[in-house]
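[1] Next one to model:
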Amino acid sequence: MPFSMAVRILAGSAIAGVVIFHWALLATRVGDSMHERCPDCTSCVTVNLHETQPMSPVMYGAFFEEINHAGEGGLHVEMLRDWSFEARAHLTQHPELGRDSANHMEPRPVDASVPLPYKRKTTLQSLSMDPESVASAKLRDMEAWRVVPDNIQATLEEVDAALAVTPGALGAGGPANDVGAAALAAAYAAAAGNTATPPRALHALCLHPRDGEVAQVVNSGHTLEGFTLHPATDYTLRMRVKGGPDTLQAAITSPAGDKVYTRLSLERPVGGDAQAWHTLAGTISTKEGGAHLRLVIRAKGPEQLCLDWVSLTPAAAWGTDGRLDPFHPGLVAKLRELAPQHLRFPGGAYVEGTTLATAYRWKWGVGPRELRPGHPDANWGYWSSGGLGLHEWLDLAEALGSEPIWVLNVGISQSESVAPQDLAPWVQDGLDSLEYVLGPPDSKWGAVRAAAGRPEPWTLRWLTLGNEECMRPWYVAHYRVFAAAVRARYPAMKLIANCDLTGAPGSEGNNTAFSLWEFHSYRSPTDTWTLRDAVDAYQGPPVGVTEFAAMSGSEVALGAVAEAGLMAALERNCHKVHMVAFAPLLAHDALRSWRPDLIVFNEAGQVIGIPSFTVQRMFRQYAGTVCGKVRLEVLPGIEGSATCANASCDSSEIKLVNFNNQAQTISLRIRRHARSLLAPLRLRSAPRVRSVAMSQLHVEHPETVTHAFGAKPAFVPRDTVLMVSENGDTLLSLPPYSVTFIHLTQHSVL
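    Residues are numbered from 1 along each chain as shown. Reported below is the predicted structural model:
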């Protein structure tokens, strides 16, 4: 019987104090006589809060990648897919991205004589995910806009970027957008010939109905099967048009068009030139909501109608200053609940691209929203509009109180690598991004930032060079070139490498120095649990587990318990591990290409955290500034860690994980101070028993329990009380497949 249970049973008995006294005296004497070693009859966990190590202030974080429509159709409030027609234009020019063959790409190094990558030398590094393959998927964005009937002539025409924002236009951001456009154009002009990211043409969709013909252009949202409107809610429809009638008709209809939910008439300004570009905006008010809806815009021949962009967003996203808050409030609320200490972005494979042509280019995601051309997210099979770019991610990190970690493309994709001697434009792009973040408002890229409404720089201390590229051609050489350039201008910047480069060929001097290297792992729950051994054995420079998950397609509680076990081991080794983040972070339930995902949302706006979210949130909630020394003398399947809110350990947390299919009883010994072997002789009376707050995560059948929309979450903490002798000893029964959090205060134990 667990000691805590015995205390409860005997609490009302006159002999309770005697029984507790004899139990505690025996445990103390046995423990002290064995120099605090565990009795043979139990599993013993000893927590020494007087032996601590500093813990990273950015230990627990979040990693955003544009995967599973995490941004497009999720965190980004834009409700229309390919709202600027740039995906349609790009796929027209590059139809191979829309074919199934995209799934069968093979890596193709640009030079067969590339030197072998640096051979990893530790067990932990050898277990880190370092793919040599290509993750790619067919883009379906060509289907985002349908022209009805299909015999209507429709063309794509280039739009002069200098004219792409109408001065003072309603809802276009007003003068600020004009300034932003000018600053962006000036920055591109100044960088001409010295950037890996040239300006790209913008496009408009033009309809050419014949006399008497009625043409319709239809968008069914990100799922391609319709979007959702909520009842009694206002939405803002904005578009930039040329030609067409003086009054443009738009409607929200059912998929078949047999039911019209709402109509909107948009008027061209009185006296406005029909052949000039005009930005039109109006409010759609709903009485009843609906799902699987579509936007329909009508044009009647013989007038030609050109659409540069069409945007549908909740009206509440627009501020009185004409600026758009680009983030979905429900998802931001869930991120605030997670409270990440760091936010790493924007990828991931998304940064690399399947080829250099589809690699992430940060310059295509800054400046006025209407001028962002976006790029194909060829790794995950959809178009990235650029609506969420570097500026927005830094704003989000700041709003969440998270340390931003910017992941930079270093001239390597999943199938191609730039030769080291040709890296100069890529390096300049990287330095330009840092100037955008950190430069004064009168600098070239600082001026673009200032024009976007942010005169003061952000704080950026961490920069990751590349993503999972240690097995790709020339990574070490690329790292050296980028690191030297960054340190020359930003000597305090902390650099993160994709692997441990200590002793790598050509690493003389400081040219491959790094603040930490990245470990990535996507394994089964059992294999995730066994990674603890490699963590304990690891001896080397600091590591960041910046992507990990126990792979479970059904996102069950069993995976969350395995993750908790690994996290406890990482926490117990806090002098080695400085960052931890589950990945991926977000997923649209109907548009997933990867599972598990920490936060899942649907088209109706519902948001849930999977069981792993509960573990991540609680480890973050109970993180500390130092970690205590924990000795485990236990049967297989038990893990533990301890953290303190401050160096004196006035407030402490003990985490215990049981990854067995049966309950396990452990002898828990909590030591605030170093103990003398004479301690038992000082015991003159029965030690008092104190109640300590405790929370447990445990469910029956964890291999099947998951969280679902509209259902009450099952894998949630249950608060209880643990009875602990004031000398810090107790017996504790850990339920099968459970995570236990013990909350200690200054007066809980001696």
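[2] Every contact and neighbour count from this point should use C-alpha atoms.
    Fine.
[3] what about the helices in the stretch 451-600 of the chain?
    With DSSP state H, counting those that start in this stretch as the criterion, the stretch 451-600 of the chain has helices at 475-489, 525-537, 557-572.
[4] any idea which of the ones you listed is most buried?
    Most buried of the helices of the stretch 451-600 of the chain, by mean neighbour count (mean count of other C-alpha atoms under 10 Å): helix 557-572, with a mean of 27.
[5] That one packs against which elements?
    On a contact count with 3 or more C-alpha pairs under 8 Å, 6 or more residues apart in numbering; DSSP states H and E, helix 557-572 meets helix 525-537, strand 543-550, strand 577-582, helix 611-621, strand 626-633, strand 638-644, strand 652-658, strand 738-744.
[6] could I get that helix in CSV with only the CA atoms?
    Provided in CSV are the C-alpha atoms of helix 557-572 (Å, rounded to 0.1, in the frame of the first residue of the first chain):
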residue,chain,number,x,y,z
ALA,A,557,-2.2,9.8,-25.0
LEU,A,558,0.5,7.1,-25.1
GLY,A,559,2.6,9.3,-27.4
ALA,A,560,2.2,12.2,-25.0
VAL,A,561,3.5,10.0,-22.0
ALA,A,562,6.5,8.9,-24.1
GLU,A,563,7.2,12.6,-24.9
ALA,A,564,7.0,13.5,-21.2
GLY,A,565,9.5,10.8,-20.4
LEU,A,566,12.0,12.2,-22.9
MET,A,567,11.3,15.8,-21.8
ALA,A,568,12.0,14.8,-18.2
ALA,A,569,15.3,13.3,-19.2
LEU,A,570,16.1,16.4,-21.2
GLU,A,571,15.2,18.5,-18.2
ARG,A,572,17.3,16.3,-15.9
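[7] how near is the nearest residue to Pro425 once chain neighbours are set aside to Glu352?
    Nearest non-adjacent residue to Pro425, counting by C-alpha to C-alpha, 6 or more residues apart in numbering: Thr195, 4.4 Å away. Thr195 sits at a distance of 17 Å from Glu352 (criterion: C-alpha to C-alpha, to the nearest Å).
[8] which regions of the stretch 51-200 of the chain sit below the pLDDT cut-off?
    99-121, 132-133, 161-178, 192 (pLDDT under 70).
[9] One more pass at 90, please.
    Residue ranges of the stretch 51-200 of the chain with pLDDT under 90: 93-143, 150, 159-200.
[10] And the strands in the stretch 1-150 of the chain?
    Counting by DSSP state E, counting those that start in this stretch, the stretch 1-150 of the chain has strands at residues 43-54, 60-63, 145-148.
[11] now the angle from the first one to strand 638-644?
    On the basis of axes from the mean of the first three to the mean of the last three C-alpha atoms, to 10 degrees, strand 43-54 is oriented at 40 degrees to strand 638-644.
[12] quick one: buried residues of strand 43-54?
    Buried residues in strand 43-54, counted by 16 or more other C-alpha atoms under 10 Å: 43-54.
[13] Of the helices of the stretch 451-600 of the chain, give the one that comes closest to Leu390.
    helix 475-489 (17.8 Å; C-alpha to C-alpha).
[14] which other helices and strands contact the closest one?
    helix 424-438.
[15] what residues does the helix it packs on touch?
    194-197, 362-363, 391, 408-411, 443-449, 457-460, 481-482, 485-486 (C-alpha atoms under 8 Å, 6 or more residues apart in numbering).
[16] at 7 Å what do you get?
    194-196, 408, 410-411, 445-446, 449, 457-458, 482, 486 (C-alpha atoms under 7 Å, 6 or more residues apart in numbering).
[17] cool, and stretch 709-725?
    So stretch 709-725 is contacted by 4, 24, 557, 606, 608, 611, 614, 687-699, 707, 730 (C-alpha under 7 Å, 6+ apart).
[18] so of the residues you listed, which ones are in strands?
    Residues of the contacts of stretch 709-725 located in strands (DSSP state E): 608, 689-698, 730.
[19] Spit out the contact partners of Gln216.
    Applying C-alpha under 7 Å, 6+ apart, the residues contacting Gln216 are 147-148, 296-299.
[20] Of those residues, keep whichever come out buried.
    By 16+ other C-alpha under 10 Å, the contacts of Gln216 give 147, 296-299 as buried.
[21] Which of those sits closest to Leu184?
    Closest to Leu184, out of all of the buried ones among the contacts of Gln216 and judged by C-alpha to C-alpha, is Ile297, at 31.2 Å.
[22] In stretch 138-149, which of the residues would be classed as buried?
    Quick answer for stretch 138-149 (16+ other C-alpha under 10 Å): 138-145, 147.
[23] Could you do stretch 503-519 as well?
    So stretch 503-519, judged by 16+ other C-alpha under 10 Å, has buried residues 511-519.
[24] what distance separates the start and the end of it?
    18 Å.
[25] picking up where we left off before, which of the contacts of Gln216 sits closest to Gly640?
    Nearest member of the contacts of Gln216 to Gly640, counting by C-alpha to C-alpha, is Val296, at 57.7 Å.
[26] Find the nearest non-adjacent residue to that closest one, please.
    Val218 (4.7 Å).
[27] where's the one you found relative to Leu434, distance?
    Distance from Val218 to Leu434, by C-alpha to C-alpha: 40 Å.
[28] Settle it for me: which of those two has more neighbours?
    Neighbours per residue (other C-alpha atoms under 10 Å) separate Val218 from Leu434, with Val218 holding more: 22 against 19.
[29] what residues are up against His375?
    Contacts of His375 by C-alpha under 7 Å, 6+ apart are 358, 383-385.
[30] Hmm, I typed the wrong one, I wanted His673.
    His50.
[31] do you know how far the residue nearest to Pro425 is from Lys363?
    Distance from Thr195 to Lys363, by C-alpha to C-alpha: 10 Å.
[32] And what about Leu184, helix, strand or coil?
    With DSSP: H, G, I helix; E, B strand; the rest coil as the basis, Leu184 sits in helix.
[33] How about it: what's its closest non-neighbour residue?
    Val448 (5.7 Å).
[34] Now do the phi/psi pair for that neighbour.
    phi -70, psi -40 (degrees, to the nearest 10).
[35] Look at it and say how many residues are nearby.
    The burial count for Val448: 27, using other C-alpha under 10 Å.
[36] measure it to Gly282 for me?
    29 Å.
[37] what do you get for Ala204?
    20 Å.
[38] neighbour count winner among those two?
    Ala204 (23 against 17).
[39] The helix or strand hosting the more buried one - contacts with which helices or strands?
    For Ala204, the enclosing helix or strand under DSSP states H and E is strand 202-208. With contacts taken as 3 or more C-alpha pairs under 7 Å, 6 or more residues apart in numbering; DSSP states H and E, strand 202-208 sits against helix 86-93, strand 153-159, strand 305-314.
[40] could I get the ones you listed as a markdown table with mean neighbour count?
    As requested, the helices and strands packed on strand 202-208 are exported to a markdown table (neighbours: other C-alpha atoms under 10 Å):
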| stretch | mean neighbour count |
| --- | --- |
| helix 86-93 | 20 |
| strand 153-159 | 15 |
| strand 305-314 | 22 |
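[41] Would you format the buried residues of strand 43-54 as TSV with distance to Val476 included?
    Shown next, in TSV, are those (distance: C-alpha to C-alpha, whole Å):
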residue	distance to Val476
Ser43	46
Cys44	45
Val45	43
Thr46	43
Val47	41
Asn48	41
Leu49	41
His50	41
Glu51	38
Thr52	35
Gln53	32
Pro54	31
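[42] Could you pull up the contacting residues of Gly374?
    Contacts of Gly374 by C-alpha under 7 Å, 6+ apart are 364-365, 384-386.
[43] Now the buried members of the contacts of stretch 709-725.
    4, 24, 557, 608, 611, 614, 687, 689-699, 707, 730.
[44] contacting residues for Phe514?
    495-497.
[45] what do you get if the cut-off is 6 Å, keeping everything else the same?
    By C-alpha atoms under 6 Å, 6 or more residues apart in numbering, the contact set of Phe514 is 495-496.
[46] what do you get for Pro95?
    If a contact means C-alpha under 6 Å, 6+ apart, then Pro95 has no contacts.
[47] No further queries at this time; thank you.
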